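Chemist: Sequence isn't available, so here's the structure alone:
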């Protein structure tokens, strides 16, 4: 039952409460996804699981007939933090997702047969435990959200809900980009929660010490390291470890450099790799035996011919920029997407490459820079540009994927001077990496690239260099004499792999076509959702409930497709994701306000006709065609892509608002919509096989299913009477 005192509250007080709980719901959802994807390797590239769990929790909470679960919210926050810290303490955060299809820089080659099956079983058990924290928190918040929805007119409540969620999203973005640690980012959620609990009587007395303990536990570091510092960039968690060696001559401990880890995985080093000042230095424990071989890898691109103007993509903390400067170029443009990594490089690199007047540091997505750049270069270096994170909160597209597509490499090739060279360096620790990049480079250039490997590389860190440019095309490029004895030139051949395109940019997807462990994890989440929500999903539903379900699933797919598509046009940066999410919320809010202001009911069947037309346009206008429009007029392609992406979601927003205004019980309809979003988030994985454009087709099928729900026999019965809902429409 709802609190008697809440029923007597004036509408303004209800509006404020609903606004704040809506703020809290999206803020906590984003907080859980960011923290879990950074501290637990399994979720770094599989963010759909924390996202789906948050939706399940909110849906379950909304479907409750009371808000009693909200009273136990303090314990749910404590459970979330305790699970994360226990995971950290036991080292479980380093466990990878057992996917045989999606590569995540961690190998399962040593696990075969029964051993691998045991790990999959163990992981599935751990998955349910790890997701228990966000589930409990969101159930608590959702119970209060649903209670407030039932006390207001559905569309009025939904407008307030979207406005609060929009502010929560923007607030969390500011906090994320300010580098707040998880315990600091938790504070706003705790304060808002306490604001609510003051009206729940005795609950606040025991909740305050529990929440204080929660924040203190969140701030606890189970494995403190005196020579380590943690930073949070807009994209990932970064651990900077100071490295020391021992001088053989004096026996003293001396500074060597830094190791940078991203989301608990190895990422890059920052040190003096020249070796000249380190001849008598015993290397720090844990460093690769061939650490000085990194300079050899960085210097490969500069051995062919002099380069006056150099472009370095993925310049990181600056080792490759320092190597470029040693070859005395006139200018070096250094591009990296992460502002925190660039800042650390400027501050800490022993060679101080970013302080050189010849270096221009650019914080941008590499593909976006190549799309917009007008400058021509003698040498373009893709310096081991690889990613540990995905775009948005639940996507199969990583922030580097569009860089390596046929269109992406072609965009970079356009920046070469007539006799310039482009060198793509990559750790191809799987043969299919080499195959994919080779085939894609050949299709992008229109000729066979020079593909070289160094015999001196250890098997676990083989570098492959793909060299392109006019000298390669004409066959006039000569291998450097000092390197020739060490190099292996791979012969050209046809590979049974798929070339990367802007519609299918999945570099890290192996040729394996059936990923059983991933499907088992999806099945586990779906069964968990069905079991916990059985009283909602499998009992007699109100008219329109399943329409809400399919609308939620389809809309989630369109939102994820929009983030992927617009990342291609505006860069796979955090700004793009934020703008898309905020734009979607603003658009939904606008659709709701429009429906509120239009007298009478909108014709949903007519709206569906417009929606299907918009989806067809979206599908028939692929990214390549939209990108080509920029050649006709500046930003014409960008504007068109934005309009084509937004139009279906706006029409869908009108349909949702029109249907939601008719529901008998707003909280139940919202619960179905959230459960549908769970299905949509998990269905996004299909883009790995069918391409990003296919999401529009899948969304069309889901919208058609929602359209069929208009013909439910119950529609128009007394269930829609406003008196039965206790709401004045």
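Modeler: Everything's here; your move. Source: prediction; values computed, not measured.
Chemist: Now do the domain split for this protein, please.
Modeler: What the record gives for the chain is the domain set 10-222+520-725, 292-387+406-489, from automatic domain parsing.
Chemist: hey, which helix or strand in the chain has the poorest pLDDT?
Modeler: In the chain, the helix or strand scored least confidently by mean pLDDT, DSSP states H and E is helix 722-725, which has a mean of 31.
Chemist: Wasn't residue 514 part of a helix?
Modeler: No - counting by DSSP: H, G, I helix; E, B strand; the rest coil, residue 514 falls outside a helix, being coil.
Chemist: Report the contact partners of it.
Modeler: Shown in contact with residue 514 (Cβ atoms under 8 Å, 6 or more residues apart in numbering): residue 101. To be clear about C-beta, it is placed using only N, CA and C from the backbone, and glycine gets the same treatment.
Chemist: Residue 310 and residue 350: what is the separation?
Modeler: 21 Å (Cβ to Cβ, to the nearest Å).
Chemist: So these two - more neighbours on which side?
Modeler: Each of residue 310 and residue 350 has its neighbours counted (other Cβ atoms under 10 Å); residue 310 has more, 26 against 18.
Chemist: The more buried one against residue 331, yeah?
Modeler: Yes - applying Cβ atoms under 8 Å, one finds residue 310 in contact with residue 331, separated by 7.0 Å.
Chemist: Assumed residue 686 was part of a helix.
Modeler: Yes - the assignment for residue 686 (three-state DSSP) places it in a helix.
Chemist: what helix or strand does the nearest residue to residue 162 once chain neighbours are set aside sit in?
Modeler: If the residues on either side of it in the chain are set aside, residue 162 comes closest to residue 589, at 4.5 Å by Cβ to Cβ, 6 or more residues apart in numbering. Using DSSP states H and E, residue 589 sits in helix 574-597.
Chemist: and what of residue 380?
Modeler: Going by DSSP H and E, residue 380 is in strand 377-383.
Chemist: remind me which residues of the protein are low pLDDT?
Modeler: Scanning the chain for pLDDT under 70 picks out the ranges 1-10, 106-113, 198-204, 274-281, 283-292, 513, 540-543, 599-600, 712-729.
Chemist: still on that earlier bit, was I right to think the residue nearest to residue 162 contacts residue 163?
Modeler: Yes - using Cβ under 8 Å, residue 589 is in contact with residue 163, at 6.2 Å.
Chemist: mind listing the helices for the stretch 151-300 of the chain?
Modeler: 154-177, 182-197, 203-219, 293-299 (DSSP state H, counting those that start in this stretch).
Chemist: what's the angle from the longest one to helix 574-597?
Modeler: If I follow you right, that is helix 154-177. When axes from the mean of the first three to the mean of the last three Cα atoms, to 10 degrees is applied, the directions of helix 154-177 and helix 574-597 differ by 170 degrees.
Chemist: where along the protein do the strands fall?
Modeler: Under the criterion DSSP state E, the chain contains strands at 228-232, 237-247, 253-262, 265-271, 281-282, 309-313, 331-336, 359-363, 377-383, 416-427, 450-454, 463-469, 487-489.
Chemist: Could I get those in CSV, plus columns for distance to residue 478?
Modeler: Output for the strands of the chain, formatted as CSV (distance: least, Cβ to Cβ, whole Å):
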stretch, distance to residue 478
strand 228-232, 44
strand 237-247, 38
strand 253-262, 35
strand 265-271, 31
strand 281-282, 36
strand 309-313, 20
strand 331-336, 25
strand 359-363, 29
strand 377-383, 16
strand 416-427, 12
strand 450-454, 11
strand 463-469, 12
strand 487-489, 12
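Chemist: these two touch, right, residue 671 and residue 532?
Modeler: No - judged on Cβ under 8 Å, residue 671 makes no contact with residue 532 at a distance of 11.2 Å.
Chemist: who's more crowded, the two?
Modeler: When neighbours are counted by other Cβ under 10 Å, residue 671 and residue 532 differ, and residue 671 comes out ahead with 30 against 18.
Chemist: The more buried one and residue 62: what is the separation?
Modeler: From residue 671 over to residue 62 (counting by Cβ to Cβ), the distance is 4 Å.
Chemist: Now list whatever residues contact both of the two.
Modeler: With Cβ under 8 Å, 6+ apart as the test, residue 671 and residue 62 both reach 142, 146.
Chemist: ok, back up a step: go through the domains of the chain and name the closest to residue 394.
Modeler: Closest to residue 394 of the domains of the chain, according to Cβ to Cβ: domain 10-222+520-725, at 4.3 Å.
Chemist: on that earlier part again, could the domains of the chain be laid out in JSON lines, adding distance to residue 264?
Modeler: Formatted as JSON lines, those follow (distance: least, Cβ to Cβ, whole Å):
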{"stretch": "domain 10-222+520-725", "distance to residue 264": "6"}
{"stretch": "domain 292-387+406-489", "distance to residue 264": "15"}
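Chemist: Quick one: closest of the ones you listed to residue 512.
Modeler: That would be domain 10-222+520-725 among the domains of the chain, by Cβ to Cβ, at 4.7 Å.
Chemist: My read is that residue 466 contacts residue 451, right?
Modeler: Yes - judged on Cβ under 8 Å, residue 466 makes contact with residue 451 at a distance of 5.6 Å.
Chemist: Give me the common contacts of the two.
Modeler: Counting by Cβ under 8 Å, 6+ apart, the residues touching both residue 466 and residue 451 are residue 438.
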